[in-house]
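Asker: no sequence on hand, only this structure:
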């Protein structure tokens, strides 16, 4: 250990990250203390790192964090995640930011302060590339002053911000590639019924727990769009057809417009999704490069809303992963299995149903017949703890049907995921 250069020791300590572990390790000898002071790049104060953090008062935590940060001279990655504690003093937080801002490349800041600290004012015009900010209020954004010329990834979690300031904030990040917006409280002005965001450089957008009437995003180079646990009446994407990944998880959208060009789509993953299905199918039907399709937990009101196997096979010839979980009812099964086109390239198939019955077994059998290259089948279902005699008989028939299918398709690896 004596022969290790201080620079290497600094890298080792940076991989520890957790402040308590770093301080304990740095007490080893003078050389390690020097490495901590001059070559430590990463430092983390996270409630999950050490349970005793929760036992300390905020004033004691402020002293501890201040002493630790001020022992370093070149921090590049700083994490302060103390969201579940009482409010911190704004003066202490400002001191940490002012001391480290010139060298920081990544900052995760999740905490309550009194009064509120405008982190974007303190860290603007610096070299930050990754910023995660939570439990704070953002107002008075001025792109000409609060500019982030190097920022590539931005996450806002549980923040209060107006739609106008959010739009200005994205304008202040000319190199932004990834933006996540989680559980925000967005103030809309009376004259602004639509939240409009523009980012020419944005490639990835993740939105969770948001409720809006209208959301318009202009992002020419967007490749990944993921909405979760949200309700939006109208979502419109204005782009140049660069979208590759589309994910919707427990989302309700009355009108979705992702543009006319969906040729580059490779992944469509929707679950517990409420939308006008015929229009949705029309949008994605041109995605001839689609490789993964997941329609999960879907309830259809009529045959017209179901995407049948013939449509899937014809529209998505390169599909290799297919996951379907429909609410199968009498009359729908024949429509779902309609046609004779094969899913030539599907190698992984996941099928689910809320009810284990004969219809589910027939559906599985019908799909196996249409997937000649299949290597793995995953069957997902729900089995109640208390079962009547009829339910037991139905389960037994289903089991027998699956065993027969496994004998016929012995080259397929069958897995069960029952809850």
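Answerer: Done, it's in. Because the structure is a prediction, the values reported are computed rather than measured.

Asker: what helices or strands is the top strand by length along the chain leaning on?
Answerer: Looking across the chain with DSSP state E, the single longest strand is strand 224-238. Packing partners of strand 224-238 (3 or more CB pairs under 8 Å, 6 or more residues apart in numbering; DSSP states H and E): strand 204-208, strand 211-218, strand 245-257. Yep, even glycine has a C-beta here, placed from its N, CA and C like the rest.

Asker: what does the last one contact?
Answerer: If I follow you right, that is strand 245-257. Outside strand 245-257, the residues that touch it by CB atoms under 8 Å, 6 or more residues apart in numbering are 223-237, 258, 265-276, 279-280, 283-284.

Asker: buried residues, it. List them.
Answerer: By 16 or more other CB atoms under 10 Å, the buried positions in strand 245-257 come out as 245, 246, 247, 248, 249, 250, 251, 252, 253, 256.

Asker: tabulate those residues (JSON lines), appending distance to residue 415 and pLDDT.
Answerer: Formatted as JSON lines, these follow (distance: CB to CB, whole Å; pLDDT from 0 to 100):
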{"residue": "245", "distance to residue 415": "25", "pLDDT": "97"}
{"residue": "246", "distance to residue 415": "26", "pLDDT": "95"}
{"residue": "247", "distance to residue 415": "23", "pLDDT": "96"}
{"residue": "248", "distance to residue 415": "25", "pLDDT": "94"}
{"residue": "249", "distance to residue 415": "23", "pLDDT": "95"}
{"residue": "250", "distance to residue 415": "25", "pLDDT": "93"}
{"residue": "251", "distance to residue 415": "28", "pLDDT": "92"}
{"residue": "252", "distance to residue 415": "32", "pLDDT": "90"}
{"residue": "253", "distance to residue 415": "32", "pLDDT": "90"}
{"residue": "256", "distance to residue 415": "33", "pLDDT": "89"}
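
Asker: quick one: low-confidence ranges for the stretch 301-419 of the chain?
Answerer: 301-304, 330-331, 386 (pLDDT under 70).

Asker: in it, which spans are strands?
Answerer: Applying DSSP state E, counting those that start in this stretch to the stretch 301-419 of the chain gives strands spanning 321-326, 348-353, 376-381, 413-418.

Asker: can you show me the helices along the stretch 1-150 of the chain?
Answerer: Assigned by DSSP state H, counting those that start in this stretch, the helices in the stretch 1-150 of the chain fall at 6-16, 19-26, 30-39, 58-69, 90-100, 119-123.

Asker: and what of the stretch 251-400 of the chain?
Answerer: Going by DSSP H, counting those that start in this stretch, the stretch 251-400 of the chain shows helices at 277-284, 309-315, 332-336, 358-370, 389-408.

Asker: just checking, what packs against the second one?
Answerer: If I follow you right, that is helix 309-315. Using 3+ CB pairs under 8 Å, 6+ apart, the elements in contact with helix 309-315 are helix 358-370.

Asker: got it, and the longest one?
Answerer: If you count contacts as 3+ CB pairs under 8 Å, 6+ apart, helix 389-408 packs onto helix 358-370.

Asker: now tell me what touches the helix it packs on from outside.
Answerer: Residues from elsewhere that reach helix 358-370 (CB under 8 Å, 6+ apart): 309, 313, 324, 326, 328-330, 333, 336-337, 341-343, 349, 351, 353, 374, 377, 379, 381, 394, 397-398, 401-402, 405, 408-409, 412.

Asker: angle of the longest strand of the chain against strand 211-218?
Answerer: Inter-element angle recorded for strand 224-238 and strand 211-218: 80 degrees (by axes from the mean of the first three to the mean of the last three CA atoms, to 10 degrees).

Asker: got the angle for strand 224-238 vs strand 245-257?
Answerer: Using the same axes, to 10 degrees: strand 224-238 against strand 245-257 is 30 degrees.

Asker: could you list the buried residues of stretch 112-124?
Answerer: Buried residues in stretch 112-124, counted by 16+ other CB under 10 Å: 112, 113, 117, 118, 119, 120, 123, 124.

Asker: distance between that stretch and the chain's centre?
Answerer: Centroid separation for stretch 112-124 versus its chain: 26 Å, with CA atoms, centre = their mean, to the nearest Å.

Asker: span of that stretch from start to end?
Answerer: 20 Å (CA to CA, to the nearest Å).

Asker: orientation of the longest strand of the chain relative to strand 204-208 in degrees?
Answerer: Inter-element angle recorded for strand 224-238 and strand 204-208: 100 degrees (by the same axes, to 10 degrees).

Asker: with mean pLDDT and distance to residue 165 as added columns, please give the helices of the stretch 1-150 of the chain in CSV.
Answerer: Formatted as CSV, the helices of the stretch 1-150 of the chain follow (pLDDT from 0 to 100; distance: least, CB to CB, whole Å):
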stretch, mean pLDDT, distance to residue 165
helix 6-16, 91, 34
helix 19-26, 90, 32
helix 30-39, 90, 38
helix 58-69, 94, 28
helix 90-100, 95, 20
helix 119-123, 87, 9
